[in-house]
Each structure stands twice: as structure tokens, then as C-alpha cells.
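Visitor: give the three-dimensional model of this entry:
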Amino acid sequence: MTEIRLSNRGNIAEIVLDGPDSRNALDADNLRDLAAAVAKVAEAIPNVRALLIRGEGKVFSSGRDISAVDVETDDAHAFLAEVFTPVFQAIRALPIPVISQVQGAALGLGFGVAAAADIIFAADNAKFGSPFAAIGAMLDSGAHHVFLDRVGYHRTMDLIITGDFMTGAEAAAAGIVSRAVPAEELSDFVESKLAKIVTGPAEAFAMEKGFVQKLADDRPTLAQVLAEEANLQETARQTPDYAEGFTAFQERRAPNFG
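Guide: Down below sits the predicted model:
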């Protein structure tokens, strides 16, 4: 049984998938608890400036908990569309940087939760791929979109049909995750990046997140990107962070974004 734990460490919120005995498998109640935790993080902004999502134990999450699923009565569409998708969208909608820390397996729903983050830091021996052939099911949780976008048709079909996994190092090389580091260094590496992120320009980060997501989703033309960049830069110019950043540069000191 997995528990969803939410805690705050100063201006960093942390959500932990805590069920190492089940490999942090997630059922519908877990996903509802995760949605509630994300909502509490949203309410804590701007006091909270970043969110870390991680799994307890040796894996991030092995995916959906199917140990008690009755295939005759299970509604897979409702589970994904009405329970999982709102969680994915809520994580993406947070106007703060969200970091997934992935060790071990991140499969199925587990990969979907990790991929909802803005940055995925993975152990070099983490596991990514499609375990669904073994249970006669379809890859889900947005993984088709991610894999096709990053590795193309043939590699995506390879992962689906063979059931072979990519390591964290391979996933980083393919752009599926942000970076991979040795497993024993992952936690310290993530903490060092979080410490830097929470001292950064929160308003600019929020605008960047919204803009990059829009680019990824809509695939606008270069001309449209250039025009929108100009609009957003002028919006940023009017923020205190922008003024502080420029002033600090001109005064040759470190900025204090508060």
C-alpha cells in the first residue's frame, strides 16, 4: 500500500510516493491523494518556490497497482481520463518549477507522474520503457507522446513490442529525462539544484514554464515564437526580479530575487 506524503522544507515542497513494499504502485485513491497534495502546493505559492516529487525506496514508481483489479469490472478509460489525467494536468499547471527525482523504475503511471514535471533528474541505472506487453495492455499515461517526440517511431515501437527498458543514462541521451547521474549521487545532486532554483527569479520561471509548454504543445512557427518572446520579455521587464537582475549585473554583485 502506497501513501502520498506532503511536506515543506522552507520554500521547497516535497511529495513522496511512499510504498516501497509495493514498489510505490499507485491506485485510484493514491492518485486522488496526489491531486490533493498538488492542490495544497498551489495554495502555498509564493511561499513555496519549487516542488520535488520522489519515490521512497529503490524505485520511483512501478505504475498502477493492479493487484486487486477485477478486469471484468475495471473501467480503464475512467481511471486514466478521470483520475490520472487531472493529476498530470495539475502538476503541469503549477507556476513553479517541478522536479522529479527518479531512481529505479518509472513505468506506466509512474512514468506519467515523473513526466508531468518540468525537470527529470534520474539515476544512471533507472528504468524507463513499456512493461505493458507482459499484461496485454497499452502503453499509457502520456508515454506515447513523450517517446515518439524524443526517440521516433522505430525506437518507440521497439520499447513497446520488446518490453526492453532504457537506462537513465540512455534516457538522458535521448532527451526523455533532463540529466542522469550516478545513483549514489542522485539525492545530493537534486538538492544542490533545488537550492539554486529556489533563489532564482520566480516570476520569470513561471512565464518561461507557461511559454515553453505552449511551444511544446502547439509547435508554432519561428516567426510566432520571436513575436511572443518579445511580448514576454517586455512583461518580464516590468517585474521586480528583472530590475534586480539587471541592477545586480551592473553593480557586479549576485542578485537577490527574494
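Visitor: could you look up the SS state of Ala68?
Guide: Here Ala68 is recorded as coil under DSSP: H, G, I helix; E, B strand; the rest coil.
Visitor: from Ala25, how far out is it?
Guide: According to Cβ to Cβ, to the nearest Å, Ala68 stands 11 Å off from Ala25. Bear in mind the C-beta positions are built from the backbone N, C-alpha and C, glycine included.
Visitor: the more surrounded of those two?
Guide: Ala25 (23 against 6; other Cβ atoms under 10 Å).
Visitor: after the host helix or strand of Ile15 comes which helix or strand?
Guide: In the assignment (DSSP states H and E), Ile15 maps to strand 12-18. Where DSSP H and E defines the elements, the next helix or strand beyond strand 12-18 is helix 28-44.
Visitor: got the buried residues for that next one?
Guide: Asn30, Leu31, Asp33, Leu34, Ala35, Ala37, Val38, Val41, Ala42, Ala44 (16 or more other Cβ atoms under 10 Å).
Visitor: what ranges do the strands span in the stretch 1-150 of the chain?
Guide: In the stretch 1-150 of the chain, the strands defined using DSSP state E, counting those that start in this stretch lie at 3-9, 12-18, 50-55, 98-102, 119-123, 127-129.
Visitor: oops, could you answer that again for the stretch 151-258 of the chain instead?
Guide: Assigned by DSSP E, counting those that start in this stretch, the strands in the stretch 151-258 of the chain fall at 165-167, 179-181.
Visitor: one step back: columns distance to Pro20 on top of the buried residues of helix 28-44, output as TSV?
Guide: Below are the buried residues of helix 28-44 laid out as TSV (distance: Cβ to Cβ, whole Å):
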residue	distance to Pro20
Asn30	14
Leu31	18
Asp33	17
Leu34	17
Ala35	22
Ala37	18
Val38	22
Val41	23
Ala42	28
Ala44	27
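Visitor: of the residues you listed, closest to Glu234?
Guide: Set against Glu234, the nearest of these by Cβ to Cβ is Ala42 (26.9 Å).
Visitor: do you know how far Ser130 is from Ala78?
Guide: 22 Å.
Visitor: pick out whichever of the two has more residues nearby.
Guide: Comparing Ser130 with Ala78 by neighbour count (other Cβ under 10 Å), the higher total belongs to Ser130, at 26 against 11.
Visitor: may I have the strand holding Ile15 exported as CSV, CA atoms only?
Guide: Output of strand 12-18 as CSV, limited to C-alpha atoms (Å, rounded to 0.1, in the frame of the first residue of the first chain):
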residue,chain,number,x,y,z
ILE,A,12,10.6,23.7,-1.2
ALA,A,13,7.6,21.4,-1.2
GLU,A,14,8.2,17.7,-1.3
ILE,A,15,5.7,15.0,-2.4
VAL,A,16,6.8,11.4,-1.6
LEU,A,17,5.3,8.3,-3.1
ASP,A,18,5.8,6.1,0.0
